[in-house]
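Visitor: pasting the structure only:
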């Protein structure tokens, strides 16, 4: 029997939580044994944070009256025994609505007034301005109060045609897409621009984020939704009416907002909702099935998606079946098949990404920790040889040995000028990286793009305008890549010298590869050009639309640049941490050698006792090495388990 999306998300959340605990314990074990340098510690913390807090966003997109909110109720909120999202006939969700959970914020519904569209700021900006939002506290266990609060997202205002035009809901050049006017010439628009529900629902606590979007007009009026929020969703569920199939407005949403040249594969699901309208008592079961299959075939062909990704469903009957605990009706609704496909497609892909991150993290961690162990092993061997050379020697020889160690120590500390010079040059080059990818440089690129888009007339050369901007952004990344190559060359040369002069085992970490960020920029460029090249070209004649578009683009590009800078910074810290770790080990070695000589001089311990201590320390190092391999291998293997229950309990790892 297939597992529902809820069950799979529960299991995914338990796997992440269990795994984060294991990483936390491993970090403590490494710290206790002084095997964790700064760079690896930061990588481990980042990995733990990523696994513990990673989000899975599912966007639900449809034209009005396709049963989208009802489908959300059926999949996620049936346990409340009633509808939570407003799902009556006609238009219900009037503004984009996000449902998620942040434990640092009290449970509440936040509503951003539609009037904020008149101000030159993006949604990303408004998220940080709590004073502009209307906040409604919610009672998580009170289904009636929660549903009443969520009813706010359906609120509307009646405004003049001029105000509707200013807010992006009326365009005289596309009259067919404009809302109907009432007897007084007023137009119905959403009361709110955006809504965010924060509540500790079991699924939302596991990292699920639901994005509920309104119809075509509302999507088109908010470029940030199309070019930022929806593209970042891990899956998009596109809902059609089973009785109508793919209408013209459905096709417009699909082509203009959901599909670009490089997406649309296994992350886009099409739902033929309301199949219960075909349950005709005058037709046979076979006739009904044939009718449903014809609609599936037609939708798959028109939308150019695999037939397996077009699923017939009755959200209303599925919700009813769950509330009434009616397994036969639930099976007839076909809701379980959609839930299973969502779970396998979305959560399976997310777990794969997390496992790859775990594998890379464990490999880096083991390499660095083993390097520290090897340094300690070499130092112990040198100490043992040094002490064995003292057998039968008199006091003056031992005193000379002590003097030689002091001299070596002084020379070692004096040689640190090369390391300081390396860090100075490294810091200078990194500041250049931050200047190229920082907010000031990005703002300059966006100002140039905005000026080009605001030139009078229809922008038939939009592809060229975007091409020039993104060429500049890609060149910035290539400039940074050249800078990191320069730093890498310097690291190799300096590390070779230090290894030869000081007996270190330094190895420059792999240079960051920024081509993935270039590819991400190209993907963003294609999605923007696609969005503007189909049905929104006329909107570019409007200055306020250009402003919104550029602000939405800047918000997304900032994330790409910040991620690239984080990658470069992590690489730089990896090199510095190696030096710090080996400096620390070398100073520890000097202290141990001096301590051993002093004990022999003062008869506090004889030579044989000290050699036995060194042998015991070598045995301990070998055990630490074995434990390191055992623990990192165990965590990697457990990371490959989709079910937390299938892995040994945390107490077993701790007991090891």
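Guide: Received it, and whenever you're ready, just let me know what you need. Quick caveat: nothing in here was measured; it's all calculated off a predicted structure.

Visitor: If you count neighbours, what's buried in stretch 273-289?
Guide: By neighbour count with 16 or more other C-beta atoms under 10 Å, stretch 273-289 contains the buried residues 273, 274, 275, 276, 278. All C-beta atoms are positioned from the backbone trio N, CA, C, and that covers glycine.

Visitor: Equivalent analysis for stretch 579-589, please.
Guide: Residues of stretch 579-589 classed as buried: 579, 581, 582, 583, 585, 586, 589 (neighbour count, 16+ other C-beta under 10 Å).

Visitor: Stretch 245-252 too?
Guide: Quick answer for stretch 245-252 (16+ other C-beta under 10 Å): 246, 249, 250, 252.

Visitor: for the buried residues of stretch 579-589, which one is nearest residue 544?
Guide: Ranked by distance to residue 544 (C-beta to C-beta), the buried residues of stretch 579-589 are led by residue 579 at 53.0 Å.

Visitor: contacts for stretch 383-402?
Guide: With C-beta atoms under 8 Å, 6 or more residues apart in numbering as the test, stretch 383-402 has contacts from 589, 592-594, 596-598, 600-601, 607, 610-611, 614-615.

Visitor: swap that for stretch 196-211, sorry
Guide: Here stretch 196-211 has contacts from 6, 9-10, 12-13, 16, 53-60, 72, 76-77, 96-103, 105-110, 127, 138, 140, 146, 150, 229-230, 233, using C-beta under 8 Å, 6+ apart.

Visitor: If any of the residues you listed are buried, put those into a ChimeraX selection.
Guide: Here is the ChimeraX command that selects only those of the contacts of stretch 196-211 that count as buried (16+ other C-beta under 10 Å):
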select :6,9,10,12,13,16,56,57,58,59,60,72,76,77,96,97,98,99,100,101,107,108,109,110,138,146,150,229,230,233
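
Visitor: Just the contacts of stretch 196-211: which are in helices?
Guide: Assignment to helices by DSSP state H places the following of the contacts of stretch 196-211 there: 6, 9, 10, 12, 13, 16, 53, 72, 76, 127, 146, 150.

Visitor: Check the spacing between residue 202 and residue 405 real quick.
Guide: 63 Å (C-beta to C-beta, to the nearest Å).

Visitor: ok, these two, which is more surrounded?
Guide: Set side by side, residue 202 and residue 405 show more neighbours around residue 405, with 17 against 14, by other C-beta atoms under 10 Å.

Visitor: just checking, the more buried one touches residue 595?
Guide: No - Residue 405 is beyond contact range of residue 595, at 10.4 Å (criterion: C-beta atoms under 8 Å).

Visitor: So residue 94 belongs to a strand, correct?
Guide: No - secondary structure of residue 94 (DSSP: H, G, I helix; E, B strand; the rest coil): coil, not part of a strand.

Visitor: could you pull out the strands for the stretch 401-550 of the chain?
Guide: Using DSSP state E, counting those that start in this stretch, no strands are found in the stretch 401-550 of the chain.

Visitor: okay, now residue 550: neighbour count?
Guide: Residues near residue 550, counting by other C-beta under 10 Å, number 23.

Visitor: Give me the nearest residue to it, chain neighbours excluded.
Guide: Using C-beta to C-beta, 6 or more residues apart in numbering and skipping the chain neighbours, the partner closest in space to residue 550 is residue 450 (4.6 Å).

Visitor: Next up, the contacts around the one you found.
Guide: Shown in contact with residue 450 (C-beta under 8 Å, 6+ apart): 546, 547, 550.

Visitor: how far away is residue 579 from residue 573?
Guide: The value you get for residue 579 to residue 573, if C-beta to C-beta is used, is 11 Å.

Visitor: Residue 143: neighbour count?
Guide: When neighbours are defined as other C-beta under 10 Å, residue 143 has 16 of them.

Visitor: right, and it touches residue 82 too?
Guide: Yes - using C-beta under 8 Å, residue 143 makes contact with residue 82 at a distance of 5.5 Å.

Visitor: hmm, back to that, and which of the buried residues of stretch 245-252 is nearest to residue 239?
Guide: Using C-beta to C-beta, the buried residues of stretch 245-252 come closest to residue 239 at residue 250, 9.0 Å.

Visitor: Report the two of the contacts of stretch 383-402 separated the most.
Guide: Farthest apart among the contacts of stretch 383-402 by C-beta to C-beta are 601 and 615. That separation is 21.6 Å.
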